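Enquirer: build the 3D model from these lines:
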Amino acid sequence: MRYGDMKVLLPSNTQIAFSTVPTVRSLRRKLRDYKDGDFLLLTGDPVAIGLACSIAAFYNSGRYTALKWDRRERMYIPVKIDITEKGESDE
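Expert: Got it, this is the predicted structure:
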């Protein structure tokens, strides 16, 4: 709960294999207000995870933050992702 209220984006019985259209519509509606300071806790179907990340990035200028479980620290660590590479430089 350190990162805010949890909102389930897709029900556990969501079937993506046959058509992504309903899932994309649902995720677009639920993530349209995604912004810096929001977090994605990624679990479940890898295709659904990819869609959620893509849509969150779409609505937030290519950026989103995922929560990664750290087994040693026994806590979630926020991992900031910027698919535009406008953030930190490797140089």
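
Enquirer: quick one, what contacts Ser12?
Expert: Gly44 (CB atoms under 8 Å, 6 or more residues apart in numbering). Using the backbone N, CA and C atoms, a C-beta is placed for each residue, glycine as well.

Enquirer: just confirm it is within a strand.
Expert: No. Assignment of Ser12 by DSSP: H, G, I helix; E, B strand; the rest coil gives coil, placing it outside any strand.

Enquirer: any idea where the helices of the protein begin and end?
Expert: Taking DSSP state H, the helices of the chain run over residues 21-31, 46-59.

Enquirer: need those helices in CSV (columns: mean pLDDT).
Expert: Formatted as CSV, the helices of the chain follow (pLDDT from 0 to 100):
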stretch, mean pLDDT
helix 21-31, 95
helix 46-59, 96
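
Enquirer: right, so those: which one is the most enclosed?
Expert: helix 46-59 (a mean of 17; mean count of other CB atoms under 10 Å).

Enquirer: who are the packing partners of it?
Expert: helix 21-31, strand 63-70 (3 or more CB pairs under 8 Å, 6 or more residues apart in numbering; DSSP states H and E).

Enquirer: what packs against the first one?
Expert: So the one you mean is helix 21-31. Helix 21-31 packs on helix 46-59, going by 3+ CB pairs under 8 Å, 6+ apart.

Enquirer: contacts for the helix it packs on?
Expert: 9-10, 14, 16-17, 20, 23-24, 27-28, 31-35, 38, 40, 42-43, 63-64, 66, 81, 83.

Enquirer: ChimeraX command to pick out the buried ones of those?
Expert: Selection of buried members from these for ChimeraX, criterion 16 or more other CB atoms under 10 Å:
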select :9,10,16,23,27,31,34,38,40,63,64,66
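
Enquirer: hey, what's Ala66 bridged with?
Expert: Leu40, Val79 (DSSP bridges).

Enquirer: need the contact list for it.
Expert: Ala66 touches Phe39, Leu40, Leu41, Leu42, Cys53, Pro78, Val79, Ile81, counting by CB under 8 Å, 6+ apart.
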